[in-house]
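Asks: for reference, the sequence and a predicted model appear below.
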Amino acid sequence: MNKKSIIWIILIILSIPSIMPITYSYNTSSIKTIYVDDDNIWGPWDGSLKHPYRNIQDGIDASIDGDTIFTKEGLYRENLNINKAIKLIGEYKNNTVINGGKKGVVVKVIADSVTITNFIIKNSGDQDYSSYDSGIKLHSKYNKIYGNIITENNIGIFLKSSSFNEIYDNYLTNNHDNAIEFEDSTNNLITKNNIENNEHIGIFFDSTPHEFNPITSQNTINANNISNNQGIGIYIRKSSNCTVTNNQVTDNKGASMFVTYSSNNSFCYNDVASNGGLGIIISSSSDNSIKNNNICGIRLSYSYNTTIIDNNFTSNGITIGGNKPHEWDTHTIQNNAVNNKQIRYYKNQNNGIIPVENTGQIILACCSNISIQNQHLSDIDTAIQLVFSDKIHIFNNFIYSYDGISLQESNNNTIEKNNISSFQFGIFLEASKDNIIINNTLVDYDNSYENTFYGSGIELDYSHENNISGNSIYNFCQGIHLYVISMNNTIYDNIIKNSTYVGLMLYSFSSNNSLTRNTISDNEIGMIIWSSSNTISNNVVNYNEDGVIIEFSNCNIMKYNEIKGNKKYGLYLKESCLNNILSNNFILNGIQTYFEDCENNIWGCNFWNRARLFPYPIIGKNNFRLDFRIDWHPAKEPYDIPYSEVNI
C-alpha cells in the first residue's frame, strides 16, 4: 500500500465521529439507587438500603440525573419538587402514599425525563385555582407517569407547556376538579388510565393564546376508561390535531366529549353511548373528523367542514345549529346509523322524495322541492331538521323524539298531517316565514314535573307570516308559543289542552298576529299576551286555572271570545293600556275580570254571566287604590262562538 492510500484511510477514520449521530447519556458509573423509608425515624440517613432517607425530598436533593429513588411503603407527608431526571418508584402502589396536606402541588416536576410510578398521590391544595394545585404538575418533557392512584386533589395531573410525556395505567378518582388537564402542551400520550368519579372533567385540553392559534396540539388520548365524572368526559378547547381513539367514555353527567374553538382533531373507535349529555358536541370548530364510534349523539354548533362517517348511534342522532349556510352544508355526513336506520343528510339538492325504507333521521341543508312523507322516526334528538331550505313538504309522518320538526331560515314549507310525540318541541321555527303548519297532532309524551316549565307544541322565534291552523296540541308546557319578535302570523282553529303552563302565549315584541277560533281548555293558564297590537277573536278559553292574562301590552283587540269556567280570573290585565275588550262572553269564572295599573282600556258590549239592565262595573286597582271601569252597554245574551272539534 502506497503512502498516499495510507493517508486517505487515516483521514476517513478520523472523520467518522463527525458523521455519526450525537447521543447523550448519563455517566452510568455514577448512577445509583437511593432508598427512602419513613420507618427510619432515628437515622442515620444516607440513602443506602441500610440507612434510607426518611423523606422523599431528601432523596431527590441527594440524587443526580439518572438515579432511581426507591420508596418503601408508608405515609409521606410532603410536597415534592423534582428538578432532576430521576425515577421515583414506590414499593407497593396501594400502600406508598404521598400526602400533600391540602396545600400546593403534591409532586411538581420541572426536570425532563422523570418517571413516577407505584404511588398514591393525594391531598393537594384547592384554594387558589390560578396556581393549579394538583397531585402531579408537569412543566417539562419526556416524563413517564404510570401505575399511580391519584385522588382527592384539586386537579389530578396538570401539564403546563409540557411535551412528549406518557401518562398511562393510572387510576384517577375523587379529585375535586379535573382529573387530567393540559395547557399549552403538545405530543403527549394519555393511555389506559381509569378516570372515574371526579367532580368535574375527566380530561381537559386548553391553550392560553387566541383560539385561532392554539398551542395545545398533537396529543393522543387512547384506550382510557372515563366514567361517572360529574362533568364532561373529554373537553378539548383551543386545541388542534389531537387523536382520541378507543376510549370508553360512559355515564358522565355532562357530554362524553365537548370540542370548542378547535380544529383537525380526530375521534374514532370510541364508545360514548351512555352519558348525561350527548356523545360529542362540536362548537365553533372546523375540520374535525368523527369516524367509527359507538355514540349516543352528535351536536354541531357554529362549526364547518366536519366529517362524520360510519358511526353507530344508539340514540339522538345528529343535531346541527348555526346561522350561516356554511355551518350546515360543508359537512361530510355518510353511512351513519341511528337505531339501526340511516341518517339522511342532504345538502344543496333540489327535487326528490326521501326514501321511507331504513330512514332514522332527516337533515336538509340548502335544499328545495323535497318531499318527506310516511316516515316513522323515533328515539332521536330532532327527527327532521330544515335549514336554508324552501318548498319542502312534510306530510303524514309519525315522529316520537325529543324534538319533532325544526326549521331555521326556511320559508314556504308545508308541515301537514303529522303525528308528533315529543319531549321538548313538537314543531320549532326560527327566523322562518311563510310556512304552513296545518292539521298536525302534537303530544308531549313526558308530561312530568321535570318538563313542567319548558317545551312547546309549536314555537316561533323571529318568525313571521306563518299560518298555523287546525292543529291539536296536548300536554306541553306551552301549547303555542310566539317567543320573541314573531309578527304577522295567523293562528286559528287550533285545539290546545292540558298545558302545564299556558295554552297560547305571545311573548316579547310579537305584534300584529291574529289569534282566531282556537279552543283553549284545561290548561294552567289559557292565554298570556305580553305583546302589543294583536287581534284576539272568536276563541274559546274555557275551564283553565286562569283564562286570559294581558300584561305590559297595549293596543290589542280582544273581541267575540268565550271565556268560561276558569277557576281564578277570566281576564286579568296589568300595566296595559289602549286595549279594546269588546263583545266577549265572561261566564262563570272565579273572578270575571280584574286590572292593576291600567289606563284607557275600552270595555264594551261584553256578556257578563247573565243579562244586564244596567252598566257593568269592572273592579281593579291603580296606584294601590281601589278603582273601577264601566262596560256601559253590556250584552243581554251570550254571543254564539263555535267550538273547534276535538281531534285526538
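Replies: Structure received. Numbers count the residues shown, from 1 in each chain.

Asks: gap between the nearest residue to Gly352 once chain neighbours are set aside and Val356?
Replies: Distance criterion C-beta to C-beta, 6 or more residues apart in numbering; nearest residue to Gly352, sequence neighbours excluded, is Ile370 at 5.5 Å. Every C-beta, even on glycine, is put in place using the N, C-alpha and C of the backbone. In this view, Ile370 and Val356 are 13 Å apart by C-beta to C-beta, to the nearest Å.

Asks: one step back: packing partners of the strand or helix carrying the residue nearest to Gly352?
Replies: Remark: Ile370 resides in strand 368-373, with elements defined by DSSP states H and E. Under the contact definition 3 or more C-beta pairs under 8 Å, 6 or more residues apart in numbering; DSSP states H and E, strand 368-373 sits against strand 350-353, strand 393-395.

Asks: let's have the ones you listed in CSV, adding mean neighbour count and distance to Leu429.
Replies: Rendered in CSV, the data for the helices and strands packed on strand 368-373 read as follows (neighbours: other C-beta atoms under 10 Å; distance: least, C-beta to C-beta, whole Å):
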stretch, mean neighbour count, distance to Leu429
strand 350-353, 11, 22
strand 393-395, 21, 12
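
Asks: circling back: so what strands line up beside the helix or strand following the strand holding Ile370?
Replies: Counting by DSSP H and E, the next helix or strand C-terminal to strand 368-373 is strand 376-378. Strands that pair with strand 376-378, judged by DSSP bridges, come out as strand 398-401 (parallel).

Asks: just how off-centre is the strand it pairs with within its chain?
Replies: Its chain's C-alpha centre and that of strand 398-401 lie 22 Å apart, by C-alpha atoms, centre = their mean, to the nearest Å.

Asks: the bottom helix or strand of this structure by mean pLDDT?
Replies: helix 3-19 (a mean of 39; mean pLDDT, DSSP states H and E).

Asks: now the next helix-or-strand element following it: average pLDDT?
Replies: Where DSSP H and E defines the elements, the next helix or strand beyond helix 3-19 is strand 33-36. What strand 33-36 shows for mean pLDDT is 96.

Asks: would you map the helices across the protein?
Replies: 3-19, 56-62, 326-329 (DSSP state H).

Asks: and the second one, what does it pack onto?
Replies: In this case it means helix 56-62. strand 33-36, strand 68-71, strand 80-82.

Asks: how about those strands in JSON lines, adding mean neighbour count and distance to His376?
Replies: JSON lines is the format used below for the helices and strands packed on helix 56-62 (neighbours: other C-beta under 10 Å; distance: least, C-beta to C-beta, whole Å):
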{"stretch": "strand 33-36", "mean neighbour count": "22", "distance to His376": "68"}
{"stretch": "strand 68-71", "mean neighbour count": "22", "distance to His376": "63"}
{"stretch": "strand 80-82", "mean neighbour count": "20", "distance to His376": "62"}
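
Asks: dump the ones you listed to CSV, plus distance to Lys497.
Replies: Converted to CSV, those look like this (distance: least, C-beta to C-beta, whole Å):
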stretch, distance to Lys497
strand 33-36, 75
strand 68-71, 71
strand 80-82, 68
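
Asks: what about stretch 76-83, distance to the chain center?
Replies: In terms of C-alpha atoms, centre = their mean, the centre of stretch 76-83 is set 40 Å apart from its chain centre.

Asks: what's in contact with that stretch?
Replies: Residues from elsewhere that reach stretch 76-83 (C-beta atoms under 8 Å, 6 or more residues apart in numbering): 36, 38, 55-57, 60, 88, 96-101, 103-111, 114, 116.

Asks: where does pLDDT dip in the chain?
Replies: For the chain, the stretches flagged by pLDDT under 70 are 1-29, 127-131, 209-214, 275-277, 447-453, 644-648.

Asks: tabulate the CA atom coordinates of stretch 55-73 in PDB.
Replies: C-alpha atoms of stretch 55-73 as PDB (Å, rounded to 0.1, in the frame of the first residue of the first chain):
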ATOM      1  CA  ASN A  55     -38.200  11.900  53.400                       C
ATOM      2  CA  ILE A  56     -38.500  11.500  49.700                       C
ATOM      3  CA  GLN A  57     -37.400  15.100  49.100                       C
ATOM      4  CA  ASP A  58     -34.100  14.300  50.800                       C
ATOM      5  CA  GLY A  59     -33.500  11.500  48.300                       C
ATOM      6  CA  ILE A  60     -34.300  13.900  45.400                       C
ATOM      7  CA  ASP A  61     -31.900  16.500  46.800                       C
ATOM      8  CA  ALA A  62     -29.200  13.900  47.100                       C
ATOM      9  CA  SER A  63     -29.700  12.500  43.600                       C
ATOM     10  CA  ILE A  64     -28.200  13.200  40.200                       C
ATOM     11  CA  ASP A  65     -29.700  12.700  36.700                       C
ATOM     12  CA  GLY A  66     -30.400   9.100  36.100                       C
ATOM     13  CA  ASP A  67     -30.700   8.000  39.700                       C
ATOM     14  CA  THR A  68     -33.600   5.800  41.000                       C
ATOM     15  CA  ILE A  69     -35.300   6.700  44.200                       C
ATOM     16  CA  PHE A  70     -37.000   3.600  45.700                       C
ATOM     17  CA  THR A  71     -39.600   4.500  48.300                       C
ATOM     18  CA  LYS A  72     -40.600   1.900  50.800                       C
ATOM     19  CA  GLU A  73     -44.300   1.600  51.600                       C
END
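
Asks: report the buried residues of it.
Replies: Under the neighbour-count criterion of 16 or more other C-beta atoms under 10 Å, stretch 55-73 has 55-60, 62-63, 66-73 buried.

Asks: identify the farthest-apart pair in the residues you listed.
Replies: Spanning the widest gap among those are Gly66 and Glu73, at 24.4 Å by C-beta to C-beta.

Asks: start to end distance for stretch 473-487?
Replies: Terminal residues of stretch 473-487 are spaced 21 Å apart (C-alpha to C-alpha, to the nearest Å).

Asks: pretty sure the residue nearest to Gly352 contacts Pro355?
Replies: No: Ile370 is beyond contact range of Pro355, at 11.6 Å (criterion: C-beta atoms under 8 Å).

Asks: looking at these two, which is more packed in?
Replies: Using other C-beta atoms under 10 Å as the criterion, Ile370 and Pro355 rank with Ile370 on top: 22 against 11.

Asks: chain center to stretch 576-593: distance?
Replies: Counting by C-alpha atoms, centre = their mean, stretch 576-593 is centred 43 Å from the centre of its parent chain.

Asks: ends of that stretch, how far apart?
Replies: Stretch 576-593 end-to-end distance (C-alpha to C-alpha) = 14 Å.

Asks: use 13 as the first number from now on
Replies: All right, first residue 13 from here; so that's stretch 588-605.

Asks: please identify the buried residues of that stretch?
Replies: Judged by neighbour count using 16+ other C-beta under 10 Å, the buried positions of stretch 588-605 are 588, 591, 593-599, 601, 603-605.

Asks: so which of those residues belong to strands?
Replies: Taking DSSP state E as the definition of strands, the buried residues of stretch 588-605 contribute Ile593, Leu594, Asn597, Phe598, Ile599, Ile603, Gln604, Thr605.

Asks: list the residues that contact the last one.
Replies: With contacts defined as C-beta under 8 Å, 6+ apart, Thr605 is in contact with Tyr581, Gly582, Leu583, Tyr584, Leu585, Phe598, Ile630, Ile631, Gly632.

Asks: looking at those residues, which is nearest Trp57?
Replies: The nearest one, if we look at the contacts of Thr605 relative to Trp57 and count by C-beta to C-beta, is Tyr584, at 83.1 Å.

Asks: and the closest one, how many residues sit next to it?
Replies: Using other C-beta under 10 Å, Tyr584 has 22 other residues around it.
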